[in-house]
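Asker: can't give you the sequence, but here's the structure:
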RNA sequence: GUGAAUGUAGUUUAGUGGCAGAACGUCCGGUUGUGGUCCGGAUAGCCCGAGUUCGAUUCUCGGCUUUCACCCCA
């Protein structure tokens, strides 16, 4: 029997899994601090609904397709946003929800890009510029807590469009032109210029490479200014990047990306779009690239209790510690040498011995595994560990 | 989806057309009131299928995995 994982899918155990949980916790905490409430949605939806955002898009090719016994045409969700159409019904606006979970794409894999991946989304249905600033701020907070230095880039799709119109780029070519401009990060100017020639749009290069001041003459630049102003009040800086597009997706206003300062990787993106006809904004974190980049470590088990023939008392003590919210691993039937070895390999901070000696003294021997120091503590002091 | 490279114990890897070796890990013991060191022992592997061959882990072809590039990227 083949027990290999399927292409693009993998297991995470031990420290890897702990690290991922830790990152999710940090993200969840910030989402909640900014007033987002959780939601859960089905992983499987009607295929029609999943692809509804881009009905004629090639992205359809990336959807995992399924069929149930009732021959329904189904698909695994490949993002969260389209489900907002359903969630936001009958919600008092602004409706702010977050969701952390798996999405699936049947697409080529590479480092940091698997076919099952965790996305962490926070969206505001019924949003204003203030919400765009808040999304960016909570993003900034998250990367600070992850010890990952980042840069925040913003642009506005309306501004981009305004420029294309004023430069008389034919409407049928605009999407393709935007796509080419978006590659300015990856390709050389020459390559982008060559690609733009097809659309008679090389002149755009000069415009998009002007200093920021030159953009002030455009009407929609004022949306960038407004966002910058609010961000300043929140105490952080953003950087205007006029050719940032974020694909051809449904964005209709501000778009942004958060990039690692150390490596050339996009860690987070988002922008404003419509849910039905309600202006909305959202931010999405890809767990996989963040996991690869962040050096943060997951939480370890805090305490290990070793029973030396005193199982009842050990169980009592373990439960009392757990009531205090301290994680406890209890070992009853291992030899002490083995138990110490176990604590050591799991990186457990403290070991508590429960034996005859301790019961007689009414004090527990507590050992710090890092320093090797031991001390006798009464139960009430042990609980403060 | 296209093209290239890749695949040997759980992990990192050595090697060969004729018995596949190591390190780390794991398990057992030295050590039933003390871990990280040390010593002894054990465990487990040639991605899958077909072909060539007396014999294939090795060569050929196909599939799959992983990596890189292209395409695309919520």
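Answerer: Arrived safely. All of these numbers come straight from a predicted model, not from anything done at the bench.
Asker: for chain A, which spans come out with low pLDDT?
Answerer: Residues of chain A meeting the criterion pLDDT under 70: A:1-2, A:53-61, A:248-249.
Asker: center of it, which residue is that?
Answerer: residue A:285 (2.8 Å; CA atoms, centre = their mean).
Asker: which non-adjacent residue is nearest it?
Answerer: In space, and not counting its chain neighbours, residue A:285 is closest to residue A:120: 4.2 Å by CB to CB, 6 or more residues apart in numbering. Just so you know, the C-beta spots here come from the backbone N, C-alpha and C atoms, and that holds for glycine as well.
Asker: shouldn't that neighbour be within a helix?
Answerer: No. Residue A:120: not assigned to a helix; according to DSSP: H, G, I helix; E, B strand; the rest coil it is strand.
Asker: tell me which residues form a beta bridge with it?
Answerer: On the basis of DSSP bridges, residue A:120 is bridged to residue A:100, residue A:285.
Asker: please apply the same query to the one 5 residues further on.
Answerer: In this structure, residue A:125 bridges to residue A:95, residue A:280 when assessed by DSSP bridges.
Asker: and the residue of the stretch 201-350 of chain A found nearest RNA strand B, how many neighbours?
Answerer: Going by CB to the nearest atom of the strand, RNA strand B is nearest to residue A:247 of the stretch 201-350 of chain A, at 1.3 Å. Around residue A:247 there are 13 other residues, counting by other CB atoms under 10 Å.
Asker: from residue A:229, how far off is it?
Answerer: According to CB to CB, to the nearest Å, residue A:247 and residue A:229 sit 28 Å apart.
Asker: with residue A:155 instead?
Answerer: For residue A:155, the distance to residue A:229 equals 17 Å [CB to CB].
Asker: who's more crowded, those two?
Answerer: residue A:155 (24 against 11).
Asker: helix or strand for the more buried one, which one?
Answerer: strand A:150-156 (DSSP states H and E).
Asker: and the helix or strand just after that strand, how far out from the chain middle?
Answerer: Following strand A:150-156 in sequence order, the next helix or strand is helix A:157-166 (DSSP H and E). Chain-centre distance of helix A:157-166: 30 Å, with CA atoms, centre = their mean, to the nearest Å.
Asker: check what contacts helix A:157-166 and list those residues.
Answerer: Applying CB atoms under 8 Å, 6 or more residues apart in numbering, the contact partners of helix A:157-166 are A:174, A:177-178, A:181, A:204, A:207-208, A:215, A:218-221, A:223-224, A:242-243, A:245, A:251-255, A:271.
Asker: show me what from the stretch 1-150 of chain A comes close to RNA strand B.
Answerer: Counting by CB under 7 Å from any atom of the strand, the stretch 1-150 of chain A comes close to RNA strand B at A:4-10, A:58-59, A:62, A:78-79, A:81, A:103, A:107-111, A:117, A:119.
Asker: which among these end up buried?
Answerer: Among those, the ones that count as buried by 16 or more other CB atoms under 10 Å are A:8, A:59, A:78, A:79, A:81, A:103, A:107, A:117, A:119.
Asker: thought the last one was touching residue A:287?
Answerer: To tie it back to what came earlier, the one meant is residue A:119. Yes. Using CB atoms under 8 Å, residue A:119 is in contact with residue A:287, at 7.0 Å.
Asker: what's the burial count for the residue nearest to residue A:285?
Answerer: Residue A:120: 24 neighbours (other CB under 10 Å).
Asker: contacts only, for it.
Answerer: Per CB under 8 Å, 6+ apart, neighbours of residue A:120: A:24, A:27, A:28, A:31, A:98, A:99, A:100, A:284, A:285, A:287.
Asker: mind listing what the residue nearest to the centre of chain A touches?
Answerer: Applying CB under 8 Å, 6+ apart, the residues near residue A:285 are A:27, A:119, A:120, A:121, A:139, A:142, A:267, A:268.
Asker: Three-state assignment for residue A:232, please.
Answerer: Per three-state DSSP, residue A:232 ends up helix.
Asker: state the distance from it to residue A:212.
Answerer: 15 Å.
Asker: what of residue A:254?
Answerer: In terms of CB to CB, residue A:254 sits 16 Å off from residue A:212.
Asker: okay, those two: which has more neighbours?
Answerer: It is residue A:254, of residue A:254 and residue A:212, that has more neighbours when counted by other CB under 10 Å, with 28 against 12.
Asker: doesn't residue A:273 make contact with the more buried one?
Answerer: No. Judged on CB under 8 Å, residue A:254 makes no contact with residue A:273 at a distance of 9.8 Å.
Asker: just the contacts of helix A:157-166: which are in strands?
Answerer: A:254, A:255, A:271 (DSSP state E).
Asker: so what's the second one closest to, chain neighbours aside?
Answerer: Computed as CB to CB, 6+ apart, the closest residue to residue A:255 that is not its neighbour in sequence is residue A:271, at 3.6 Å.
Asker: can you report how many residues lie near that neighbour?
Answerer: Residue A:271, neighbours per other CB under 10 Å, totals 27.
Asker: that one and residue A:244 touch, don't they?
Answerer: No. Assessed by CB under 8 Å, residue A:271 is found out of contact with residue A:244, at 9.4 Å.
Asker: on that earlier part again, can you flag the buried ones in the contacts of residue A:120?
Answerer: A:24, A:27, A:28, A:31, A:98, A:99, A:100, A:284, A:285, A:287.
Asker: now do the contacts for the last one.
Answerer: Spelled out, that is residue A:287. A:20, A:23, A:24, A:117, A:118, A:119, A:120.
Asker: just the first one next, same as before
Answerer: Listed by CB under 8 Å, 6+ apart, the contact set of residue A:24 reads A:100, A:118, A:120, A:287.
Asker: buried ones in the longest helix seen in chain A?
Answerer: Longest helix in chain A, counting residues (DSSP state H): helix A:14-33. By neighbour count on 16+ other CB under 10 Å, the buried set for helix A:14-33 is A:18, A:19, A:20, A:22, A:23, A:24, A:26, A:27, A:28, A:30, A:31.
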